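Novice: no FASTA, just this:
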């Protein structure tokens with residue numbers, strides 16, 4: 001939003017778009033309050049169901065556009081899981097595909113005018129990252145037992161360096177959910193904030209053409225970022241799963 005101020009300048013508030021607001025009036029948000037986050041998450045889930053359930057329900061020999069998109073999405077994620085985590089990781093394919101689709105739809109819906117971008121909030125991305133962290137750690141111990149700890153013991157390194165490397169590996173392992181969540185939320189927040197700034201400058205007649213041109217370019221970039229960030233989050237999940245299934249260096 002950009003408004004002309006008394007001094008002839010502009011007041012642009014690019015972070016206002018990330019404020020969580022109740023859907024039915026009031027200013028107080030409780031844990032049970034339906035908010036704009038709730039609404040756009042529900043719309044994301046509905047979009048996923050429309051793509052994967054309704055789009056592939058006919059299962060025709062000559063696929064429709066919806067069926068083609070569903071099959072391409074399925075094949076893309078299936079190949080990613082198999083290539084990165086191995087065939088042992090395919091049993092966790094439904095969980096990984098759910099993550100990818102949820103993030104992708106959250107990112108894409110956030111590019112709709114007046115929409116709320118759920119993946120811009122660290123509370124959302126942190127829950128997904130912590131779920132991945134706890135899941136792959138549990139899988140590692142269940143499948144490998146105490147041998148899972150060999151993930152932190154670099155046997156290829158000289159013996160004198162192994163304790164130091166073990167501490168570094170342990171710290172980097174526990175930092176994973178932080179980097180996993182901040183990367184997604186930060187990239188989405190930064191892009192949307194820049195778009196809001198350009199939209200604010202578009203109100204000035206003198207620079208409106210340049211601002212609109214910048215908006216178009218950034219919007220195209222954000223479409224690419226929406227997909228890339230979903231892909232990065234998913235492929236890192238596959239990498240962490242591979243480490244849990246095969247912890248030996």
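Specialist: Thanks, I have the structure now. Since we're looking at a predicted model, the values are computed, not measured.

Novice: What is the subsequent helix or strand relative to the longest helix seen in the chain?
Specialist: For the chain, the helix reaching the highest residue count under DSSP state H is reported as helix 162-201. Tracing the chain C-terminally past helix 162-201 and defining elements by DSSP states H and E, one meets helix 208-245 next.

Novice: Give me the buried positions along that following helix.
Specialist: Neighbour counts using 16 or more other CB atoms under 10 Å place 211, 214-215, 218, 222, 225-226, 229-238, 240-245 of helix 208-245 among the buried residues. In this view, the C-beta of every residue, glycine as well, is placed from N, C-alpha and C.

Novice: swap in stretch 148-168?
Specialist: Here stretch 148-168 shows 148, 151, 152, 154, 162, 165, 166 as buried, counting by 16+ other CB under 10 Å.

Novice: Next, format those as CSV and append distance to residue 91 and pLDDT.
Specialist: Compiled in CSV, these are given as follows (distance: CB to CB, whole Å; pLDDT from 0 to 100):
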residue, distance to residue 91, pLDDT
148, 18, 91
151, 20, 89
152, 25, 90
154, 28, 84
162, 33, 89
165, 31, 90
166, 30, 91
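
Novice: and of these, the nearest to residue 108?
Specialist: residue 151 (34.9 Å; CB to CB).

Novice: what sits up against the helix or strand where residue 79 lies?
Specialist: Secondary structure from DSSP H and E places residue 79 in helix 65-85. Helix 65-85 is contacted by residues 51-52, 54-56, 58-60, 63, 89-90, 92-93, 96-97, 100-101, 234-235, 238-239, 241-242, 245 when judged by CB atoms under 8 Å, 6 or more residues apart in numbering.

Novice: Narrow those to just the buried residues.
Specialist: Buried by 16+ other CB under 10 Å: 51-52, 55-56, 63, 89, 92-93, 96-97, 100-101, 234-235, 238, 241-242, 245, out of those.

Novice: Find me the pLDDT at residue 172, would you?
Specialist: With respect to pLDDT, residue 172 scores 94.

Novice: To clarify, my last question referred to residue 114.
Specialist: The model reports residue 114 with a pLDDT of 86.

Novice: Count residues in the vicinity of it, would you?
Specialist: 6 (other CB atoms under 10 Å).

Novice: Could you look up the SS state of it?
Specialist: Assigned state for residue 114: coil (three-state reduction, DSSP: H, G, I helix; E, B strand; the rest coil).
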